[in-house]
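S.K.: sequence isn't available, so here's the structure alone:
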DNA sequence: GTCTATATGTGGATAGAC
DNA sequence: GTCTATCCACATATAGAC
């Protein structure tokens, strides 16, 4: 039994390596531009072996998306437990900040565009949908609480706030500012958090 | 001579039709997902004919991007001349609003991602760069003026404001809210202009 | 399960007749 | 300039030996 368990563990490690590569390539080039050959080369295994683990390119990407959502969920739980007294709006800011850090690290895949093959798969992929729903529900509660506390504009539908947060997680402005090279990573993140919550207008 | 001029005019009209199709498909599916076959089918001509007008898929897309920038430039000029007394910040809001309307109409191509084949072409395509620079300079002046007037946060680098405006022009939140179907087009635009300038935080 | 080698489909681009 | 027919590169996916 120990032998079988060991093999399974090796497999899990390999699949983790695969998913990590996919995650990075997905963030770097997007789903359409990423090729399965690249993934195989990056992981260092043959393409056919990839298909033994994941039956299609879409499901390969879906596994990476699931992993990102799980990292997000872990962060949400940690934040909730580590600082239960933190005002909801500050939790939301921490989430945005975390997303931007992940994006800076090249590990945040961009949102699948409305009519992509990936999106179709994801919309029928329960593991993805479940985690997406959990993330949305948790954030939704924080948003409502932040509105009740008077820290987030209560005249904005909570749904709009949620979608805005999701969009800011992959904001292309980060890449442009980073490429400009005249700000540190921390400054870029600060600027984006400010424009997200404070807007462009003067207070 | 009249005959030649007529032919040239017919060609121009056809090229306009091509560029319009490309523009729409570009907005709908993005550069990578758009195929030249689709474009040809949409215009109603053979693919080989397309290549007589534009030597590559990239330059085909570039022509569409140039056209969008020219529409934007025309809007900027109209706005400047029609209401010279309008506060700069309101001009900026009008620009965002216009971009969102164009996006709602399915005519706003999304920003080319950092490492796309299209981006490489655009960065060496003078007609595109010239117009992009003109748009940026005009908006830059308005931004500085709006900051001087105390209407736009003067502690934000003007450059950051500019990039943010560009990003909001293609904000994916619009598509999601529109797809949700519980807001009118005007409500969606109002919400996005509000979150862009006012931010998520309460005032 | 991993490999090499290949099947199959598709997209960008072109040849050549009209 | 427009068409039909085709080339060629490349990407997803699979066959079959080990």
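M.R.: Yes, it's here. The structure displayed is predicted, hence computed values, not measured ones.

S.K.: chain A against DNA strand D: which residues are in contact?
M.R.: Counting by Cβ under 7 Å from any atom of the strand, chain A comes close to DNA strand D at A:34-37, A:47-48, A:51, A:55-58. Backbone N, C-alpha and C define where each C-beta goes, glycine included.

S.K.: separate out the buried members of these.
M.R.: A:34, A:57-58 (16 or more other Cβ atoms under 10 Å in any protein chain shown).

S.K.: dump these to CSV, plus secondary structure, distance to chain B and pLDDT.
M.R.: CSV is the format used below for those (DSSP: H, G, I helix; E, B strand; the rest coil; distance: Cβ to the nearest Cβ, whole Å; pLDDT from 0 to 100):
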residue, secondary structure, distance to chain B, pLDDT
A:34, coil, 10, 96
A:57, helix, 14, 97
A:58, helix, 14, 97
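
S.K.: so which of the residues you listed comes closest to DNA strand C?
M.R.: Nearest to DNA strand C among these is residue A:57, at 12.9 Å by Cβ to the nearest atom of the strand.

S.K.: can I assume the closest one is in contact with residue A:36?
M.R.: Yes - counting by Cβ atoms under 8 Å, residue A:36 is a contact partner of residue A:57 at 5.5 Å.

S.K.: now stretch A:146-155: how far from the chain's centre is it?
M.R.: Remark: stretch A:146-155 is offset 25 Å from the chain centroid, using Cα atoms, centre = their mean, to the nearest Å.

S.K.: do stretch A:138-148 as well
M.R.: 20 Å.

S.K.: what comes up buried for it?
M.R.: Buried-residue list, stretch A:138-148, by 16+ other Cβ under 10 Å: A:138-139, A:142-143, A:145-147.

S.K.: do stretch A:39-49 as well
M.R.: Of all the residues in stretch A:39-49, those buried under the rule 16+ other Cβ under 10 Å are A:39-40, A:42-43, A:45.

S.K.: OK, contacts around residue A:135?
M.R.: A:69, A:72-73, A:76 (Cβ atoms under 8 Å, 6 or more residues apart in numbering or on different chains).

S.K.: ok, the residues you listed vs DNA strand C, which is closest?
M.R.: For the contacts of residue A:135, the nearest to DNA strand C is residue A:69 (24.6 Å; Cβ to the nearest atom of the strand).

S.K.: near that closest one, how many residues? Count them for me, please.
M.R.: When neighbours are defined as other Cβ atoms under 10 Å in any protein chain shown, residue A:69 has 19 of them.

S.K.: may I ask you to confirm that it is in contact with residue A:132?
M.R.: Yes - using Cβ under 8 Å, residue A:69 is in contact with residue A:132, at 6.1 Å.

S.K.: do I have it right that residue A:112 meets residue A:32?
M.R.: No - Residue A:112 is beyond contact range of residue A:32, at 9.9 Å (criterion: Cβ under 8 Å).

S.K.: looking at these two, which has the bigger crowd around it?
M.R.: residue A:112 (22 against 18).

S.K.: that one belongs to a strand, doesn't it?
M.R.: No - using DSSP: H, G, I helix; E, B strand; the rest coil, the assignment for residue A:112 is coil, not a strand.

S.K.: read off the pLDDT value for it.
M.R.: For residue A:112, the pLDDT comes out at 81.

S.K.: OK, contacts around it?
M.R.: Contacts here follow Cβ under 8 Å, 6+ apart; on that basis residue A:112 touches A:31, A:118-119, A:122.

S.K.: equivalent analysis for residue A:111, please.
M.R.: A:166-167, A:170, B:172.

S.K.: try 6 Å
M.R.: Residue A:111 is in contact with A:170, B:172, counting by Cβ atoms under 6 Å, 6 or more residues apart in numbering or on different chains.

S.K.: relative to residue A:200, how far out is it?
M.R.: Separation of residue A:111 from residue A:200 (Cβ to Cβ, to the nearest Å) stands at 22 Å.

S.K.: closest to residue B:87 out of the contacts of residue A:112?
M.R.: Among these, residue A:119 lies closest to residue B:87 (Cβ to Cβ), at 40.7 Å.

S.K.: just the buried residues of stretch A:138-148: which are in helices?
M.R.: Judged by DSSP state H, those include A:138-139, A:142-143, A:145-147 as members of helices.

S.K.: hmm, the longest helix belonging to chain A in reach of chain B?
M.R.: Counting by DSSP H, the longest helix found in chain A is helix A:2-33. Yes - contact of helix A:2-33 with chain B (Cβ under 6 Å from any Cβ of the partner chain) involves A:30, A:32-33.

S.K.: can you list the residues you listed in CSV and add distance to DNA strand C?
M.R.: Shown next, in CSV, are the residues of helix A:2-33 next to chain B (distance: Cβ to the nearest atom of the strand, whole Å):
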residue, distance to DNA strand C
A:30, 15
A:32, 10
A:33, 12
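
S.K.: contacting residues around stretch A:49-58?
M.R.: With Cβ under 6 Å, 6+ apart, stretch A:49-58 has contacts from A:15, A:36, A:40, A:60, A:117-118, A:121.

S.K.: okay, and which of those residues map to helices?
M.R.: Counting by DSSP H, the contacts of stretch A:49-58 place A:15, A:36, A:40, A:60, A:117-118, A:121 in helices.

S.K.: buried ones in the one helix or strand in chain A whose mean pLDDT sits lowest?
M.R.: Ranked by mean pLDDT, DSSP states H and E, the weakest helix or strand in chain A is helix A:2-33, scoring a mean of 88. Neighbour-count burial for helix A:2-33, with 16+ other Cβ under 10 Å as criterion, is recorded at A:18-19, A:21-33.

S.K.: ok, of these, which one's closest to residue B:82?
M.R.: Using Cβ to Cβ, residue A:30 comes nearest to residue B:82 of these, at 39.6 Å.

S.K.: in contact with the residue in chain A that chain B sits nearest to, which residues?
M.R.: At 3.1 Å from chain B, residue A:199 is the closest residue in chain A, using Cβ to the nearest Cβ. Taking Cβ under 6 Å, 6+ apart, we find residue A:199 in contact with B:197-199.
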